[in-house]
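Trainee: Pasted the sequence and its predicted model underneath.
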Amino acid sequence: MTSLETCLIRQASPTPVPQPPSPDPTPRSTRIQEEMRFKVLRALERQPDLSQRQLADMLGVSLGKANYLLHALLDKGLLKARNFRNSQNKLAYAYLVTPGGLAEKAALTRGYLERKSQEYEALRDEIDKLKLELEQLQ
């Protein structure tokens, strides 16, 4: 390989752009799990008679994932499941958010709001930078 080819390859290779550190040190998988728990608790607080299938559709997850999320919250004591006594469908449940579930939802709401506010600020900064770049190009 000639020195000219080496020079051209170096110029064509993108220089890695250092990424700013994430404002939230929480691992991504933990944030996703917390967001899903928050969304489940919020949905069931509003509509306790949601079926697992309806909940899965609302959250955009599989039925198995919705079942897993519900059982995790039931196991932690954040939800209680009650059968409908007069229901034609004997598998119908009402999922009631417990006082512990309400406290957990409040904590998750604070964290969710904080993360979304940080994301909003970062997006707003990025938009401002892009507008400035666009103005400089024109």
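Mentor: Arrived safely.

Trainee: Work out for me the element Y95 sits within.
Mentor: Of the helices and strands defined by DSSP states H and E, Y95 is found in strand 93-97.

Trainee: Could you list the paired strands of that strand along with their orientation?
Mentor: As defined by DSSP bridges, the strand partners of strand 93-97 come to strand 79-83 (antiparallel).

Trainee: contacting residues around the strand it pairs with?
Mentor: Strand 79-83 has contacts (Cβ atoms under 8 Å, 6 or more residues apart in numbering) with 41, 44, 70, 73-74, 90, 92-98, 101. For every residue, glycine as well, the C-beta is placed using N, CA and C.

Trainee: Show me which of these is closest to L134.
Mentor: Distance to L134, by Cβ to Cβ, is smallest for L41 among those, at 42.0 Å.

Trainee: what angle do the one helix or strand the closest one maps to and strand 79-83 make?
Mentor: Assigned by DSSP H and E, L41 belongs to helix 28-46. Computed by axes from the mean of the first three to the mean of the last three Cα atoms, to 10 degrees, the angle separating helix 28-46 from strand 79-83 equals 40 degrees.

Trainee: Now the helix or strand that helix 28-46 is followed by: average pLDDT?
Mentor: Next helix or strand after helix 28-46 toward the C-terminus (DSSP H and E): helix 52-59. For helix 52-59, the mean pLDDT works out to 93.
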